[in-house]
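**Q** Please work out how this folds:
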Amino acid sequence: MPAKRDTTPTWLLPAPIRRLRLVLRQTRDLAADTHRQVVEARAEQNASLARFEVQLQEIASQTQVAREAQTEHQEANGAMGPVKLFTSIFDDSDLLPHFLRHYKRAGVTDFYVVVPSERVDVMTPLLSDYHMTIVPADFFGDARPVESAEHVGKLRGRFQSTDEWALIVDVDEFIHFPQSILDITAAAEAEGANVVSGVIHDRFSSSGHPLEVEPTSDLAELFPVRSRFVRDVLQACDRKAIIVKGLLEGMHTADQDTLAGENVASTELVIDRYKWIRGSIEQQRARALEQTGIDRRIDYDRALQHYDAHGRFAWEKFGGELCLPEWEFVAEGWARSGKIRGWRAEEVARAYREKWPQFLEAVQGPGPLGVNHEIPVGAPIPRDDPLAQNAVLAWAYVLARARRNAARISVLDWGGALGHHSVLARKLFPELELDYHCRDLPAVCAQGREVLADVTFHDDDRCLDARYDMVFASNSLQYEENWPSRLEDLARAARDWLFVTRVPAACSHPSFVVLQRAYRYGYATEYLGWAVGRDELLDVARSSGLDLVREFALLPPFSIDGAPDAVTDLGFLFSRSEGPR
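**A** Residues are numbered from 1 along each chain as shown. Reported below is the predicted structural model:
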């Protein structure tokens, strides 16, 4: 029989019993509220899952027709069906246009992407250009980026079959394919492998600073430095499974780098990782706080420690290498100028200023003056470089001819940087009084005024309105698009002597345009310049009323791929036709 309910009025009960009854009633009411909330939350969750399921089916159906047409085309050409790629996107969407283009060109036909729910609508327009299945991260119950590998694993479980190969990469990882994906997987099959691995090579800007990525950016040009940063700085494994057959799972919840049951193929691919873009440092700091795994936290901390210690990624200190040639022949000429960064005056001025103390130290005392301040980042400035001394002694010869026993001469140094040659001139001829003028870009002149008070710096062309005993242009004439006109300007400003030196010259061909990537010198940019036809230069000088007094061979010839002639650095000392010889 059921227990008989106590109906005694509360006021007749002892105080302790009254309090107990009150507590029991409150507990019963709280349990009822909790039960109601659980039922409501469960109903809302089921409704959300149903909505996501409908959305997923709608998205999948939108791509099905196009996917079938693509599959038929591949099968007609002997392909082995669709090539699938699985990834996730959280805070690195700037790379997405580049990522999709890269892998579509490589042969990927179907993209499966986990994204935050709020970005689904933004991603949907891409379906017109790519066969893509977009799945909201909330569909898996957790939108945290640290769980992205787990999300991708669940996505594979839904869309990858047990005997099917697929690519598993992050959106900042760009694989180099030496052959087609299908050929790579066929070779792996022949070995009995179920995984093709790759080695991560981080890409960095030449300045070592994270840069903004635009949809039209050339990533290889923007980040020309390649390094095994994961291995050498993070001290972690930089190999990971990137093409996988079947539903192999990561050995750790959020770690797909190593898969349980993997049999790795002998072919190992190269992965360029464009991780260090604008905003990446801030993201690293945030993720370091979120990360619970000790190994991952250490990785984040080491990357941030290096960056904070140097104020940049000091790639020259951890084995970074430029993967583009320093010099390139530019067949289209100056039409390329709108596609490159050109002279970045602030960065060039900063590099000059950083090296200035080393330069001053190198020219002290009676030792050799084989000094060149334009040396690779991180390298000391030597004073015993024979080629540099060759250029300095040519400068000494020119000064000796120009002074002609005079106690004072005036000099205009066109493109004179911080006044390096004025320092050398005073070391070579301490007794000579110099009225020294430098023309350079405003940012460079601002730095020059701070380090040399006895040099007049000009940041516009009004300096050409005056005349000087000698006009001097070292490693500068070639950067003028209309160099013949500029040579005429310099000739008019020269009262007696014009010394044009360190000119990249073509000795047996008319002038042509080349591109120099000056990253290794700390300039963080690339710019166009001429390989000036030697005979053309002499013709312009002659028509400007100048006679050649002495020619200088400064550097051995070097070749540039595709260029019509070898290039060599030359110098030319001219005097006025009616002047001293």
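**Q** which residues in the stretch 101-250 of the chain form strands?
**A** 110-115, 132-136, 165-168, 173-176, 195-204, 225-227, 239-245, 250-252 (DSSP state E, counting those that start in this stretch).
**Q** Compare the ones you listed and give me the one nearest residue 318.
**A** strand 225-227 (6.0 Å; C-beta to C-beta). Quick note: C-beta positions are derived from backbone N, CA and C, even for glycine.
**Q** still on that earlier bit, out of the strands of the stretch 101-250 of the chain, which gets nearest to residue 513?
**A** Short answer: strand 225-227, nearest of those by C-beta to C-beta, at 24.7 Å.
**Q** partners of the closest one in the sheet?
**A** Counting by DSSP bridges, the strands paired with strand 225-227 are strand 195-204 (antiparallel), strand 321-322 (antiparallel).
**Q** Least confident of those, on average?
**A** Among the strands paired with strand 225-227, strand 321-322 has the lowest mean pLDDT, at a mean of 88.
**Q** quick check, distance from that strand to the centre of its chain.
**A** 11 Å (C-alpha atoms, centre = their mean, to the nearest Å).
**Q** what's the following helix or strand after that strand?
**A** Once the chain leaves strand 321-322, the next helix or strand it forms, by DSSP states H and E, is strand 327-329.
**Q** wait, residue 180 sits on residue 107?
**A** Yes: the pair residue 180 / residue 107 is scored as a contact, 5.8 Å apart, by C-beta atoms under 8 Å.
**Q** Between the two, which has more neighbouring residues?
**A** residue 107 (18 against 13; other C-beta atoms under 10 Å).
**Q** Return the residues in contact with the more buried one.
**A** When contacts are counted by C-beta atoms under 8 Å, 6 or more residues apart in numbering, residue 107 touches 83, 177, 180, 181, 182.
**Q** can you do 7 Å?
**A** By C-beta atoms under 7 Å, 6 or more residues apart in numbering, residue 107 lies in contact with 83, 180, 181, 182.
**Q** which of those tops the neighbour count?
**A** residue 83 (23 neighbours).
**Q** how near is the residue nearest to residue 427 when sequence neighbours are not counted to residue 357?
**A** Excluding its sequence neighbours, the residue lying closest to residue 427 (C-beta to C-beta, 6 or more residues apart in numbering) is residue 363, at 5.4 Å. Applying C-beta to C-beta, to the nearest Å, the value for residue 363 to residue 357 is 11 Å.
**Q** Same check on residue 384?
**A** Distance, residue 384 to residue 357, by C-beta to C-beta: 19 Å.
**Q** Same question for residue 543.
**A** Noted for residue 543: a distance of 44 Å to residue 357, by C-beta to C-beta.
**Q** Go ahead and report the secondary structure state at residue 547.
**A** Following DSSP: H, G, I helix; E, B strand; the rest coil, residue 547 is assigned to strand.
**Q** any chance of the contacts of residue 107 in a markdown table, with distance to residue 562 too?
**A** Output for the contacts of residue 107, formatted as a markdown table (distance: C-beta to C-beta, whole Å):
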| residue | distance to residue 562 |
| --- | --- |
| 83 | 34 |
| 180 | 28 |
| 181 | 31 |
| 182 | 33 |
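**Q** List just the nearest of those residues to residue 515.
**A** residue 180 (31.6 Å).
**Q** Find the centremost residue of the protein, please.
**A** residue 223 (2.2 Å; C-alpha atoms, centre = their mean).
**Q** residues contacting it?
**A** Residues in contact with residue 223, defined by C-beta under 7 Å, 6+ apart, are 203, 204, 205, 274.
**Q** and what of residue 438?
**A** With C-beta under 7 Å, 6+ apart, residue 438 has these contacts: 413, 416, 419, 448, 455, 457, 458.
**Q** So the fourth one: helix, strand or coil?
**A** Assigned by three-state DSSP, the conformation of residue 448 is helix.
**Q** ok, it - how many residues close by?
**A** By other C-beta under 10 Å, the residues close to residue 448 number 26.
**Q** rewinding a little: can you give me the distance of the residue nearest to the centre of the chain to residue 436?
**A** Distance from residue 223 to residue 436, by C-beta to C-beta: 40 Å.
**Q** which strand of this protein spans the most residues?
**A** Of all segments of type strand in the chain, defined using DSSP state E, the longest is strand 494-506.
**Q** Each with direction, which strands does it pair with?
**A** strand 468-474 (parallel), strand 526-533 (parallel), strand 568-576 (antiparallel).
**Q** how far is that strand from where the chain is centred?
**A** Offset of strand 494-506 from its chain centre (C-alpha atoms, centre = their mean): 36 Å.
**Q** Buried ones in stretch 388-402, by neighbour count?
**A** Under the neighbour-count criterion of 16 or more other C-beta atoms under 10 Å, stretch 388-402 has 388-392, 394-399, 401-402 buried.
**Q** next one: stretch 358-368
**A** In stretch 358-368, counting by 16+ other C-beta under 10 Å, buried: 359, 362, 363, 368.
**Q** Pull up the distance across that stretch, start to finish.
**A** Length of stretch 358-368, first residue to last, C-alpha to C-alpha, to the nearest Å: 15 Å.
**Q** circling back: in helices, which of the buried residues of stretch 358-368 fall?
**A** Within those, residues falling in helices by DSSP state H are 359, 362.
**Q** Tell me the one among the buried residues of stretch 358-368 nearest to residue 550.
**A** So of those, ranked by how close each gets to residue 550 (C-beta to C-beta), first place is residue 368, at 22.1 Å.
**Q** which ones are touching the closest one?
**A** The neighbours of residue 368, taking C-beta under 7 Å, 6+ apart as the test, are 383, 384, 389.
**Q** Could you do residue 156 as well?
**A** Contacts of residue 156 (C-beta under 7 Å, 6+ apart): 86, 166, 247.
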